[in-house]
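> Structural data only, the sequence is not supplied:
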């Protein structure tokens, strides 16, 4: 089993739709969680950290479910510019390294 | 955007030749990382550094070496490039915060093709 798993998609949604992605992790000692956005042929860019209490940044909401060992990203009112690959990343207690999922591709259409 | 540059941005080389990729940061961050990204595998850690002259292996370190003689520079060397090392290479930096968070920020990447 991979340490961090994501549904590769693609998720095809119309503009204005709400879409959610999950990311599961296998190590219960995981400490920090992140969502990154990666555009085609570009570097990953940090979208948001995921806190235990959940957090929101505009149209984006991230949540952590430690009991079921997954994090989620909810995007409301999707824009064409949201089309990208979304990577989740997890780090474990005592380690400064991140383990990345392979990403979920989102395509938002007019 | 974090001050991270990578050079070269694109390189085509032949099997068996040595290749060095450079990552340069202006953020004075302690931690630096080299990843490769391939379809179906996502980002995989090659090597990382936790300070000047302090480095350690990642999950795909075979065939690669690194050096960090200054805080701002982290070099990745392919001693004898192979076609399986054709990939996109990303450098990243991070600085552990008092809260224990370790967000990483990425450079623009180097596209390496080994013929």
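Okay, I see it. In this text, all values refer to a predicted model and were calculated from it rather than measured experimentally.

> what sits against residue A:25?
By Cβ atoms under 8 Å, 6 or more residues apart in numbering or on different chains, the contact set of residue A:25 is A:3-5, A:33, A:69-71, A:90, A:99. All C-beta atoms are positioned from the backbone trio N, CA, C, and that covers glycine.

> one more time with 7 Å
A:3-4, A:69-70, A:90 (Cβ atoms under 7 Å, 6 or more residues apart in numbering or on different chains).

> If any of those residues are buried, give me the PyMOL selection for them.
Here is the PyMOL selection string for the buried members of these, based on 16 or more other Cβ atoms under 10 Å in any protein chain shown:
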select buried, chain A and resi 4+70+90
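
> Quick check: residues of chain A near chain B?
Counting by Cβ under 7 Å from any Cβ of the partner chain, the residues of chain A close to chain B are A:31-32, A:34, A:43-44, A:46, A:49, A:91, A:96-98, A:100-103.

> what about residue 105, how many neighbours?
Picking chain A for this. Using other Cβ atoms under 10 Å in any protein chain shown, residue A:105 has 19 neighbouring residues.

> think we crossed wires, I meant chain B
With other Cβ under 10 Å as criterion, residue B:105 counts 21.

> so which two of the contacts of residue A:25 are the farthest from each other?
Greatest spatial distance among the contacts of residue A:25 (Cβ to Cβ): A:3 and A:70, at 12.8 Å.

> Could you check the pLDDT of the nearest residue to residue B:18 once chain neighbours are set aside?
Among residues not flanking residue B:18 along the chain, residue B:79 sits closest, at 5.8 Å (Cβ to Cβ, 6 or more residues apart in numbering or on different chains). Predicted confidence (pLDDT) for residue B:79: 93.

> now do the one 10 residues further on
Per-residue confidence at residue B:89 stands at 98 (pLDDT).

> Name all residues that make contact with the most centrally placed residue in chain B.
For chain B, the residue sitting closest to the mean C-alpha position, by Cα atoms, centre = their mean, is residue B:34 at 2.4 Å. Going by Cβ under 7 Å, 6+ apart, residue B:34 touches B:46-47, B:66, B:74, B:76, B:89, B:91.

> now residue B:77
Here residue B:77 is in contact with B:18, B:20, B:64-65 (Cβ under 7 Å, 6+ apart).

> separation between it and residue B:13?
12 Å (Cβ to Cβ, to the nearest Å).

> Flag every buried residue along the one helix or strand residue A:74 maps to.
Element membership for residue A:74 (DSSP states H and E) is strand A:70-75. By neighbour count on 16+ other Cβ under 10 Å, the buried set for strand A:70-75 is A:70-73, A:75.
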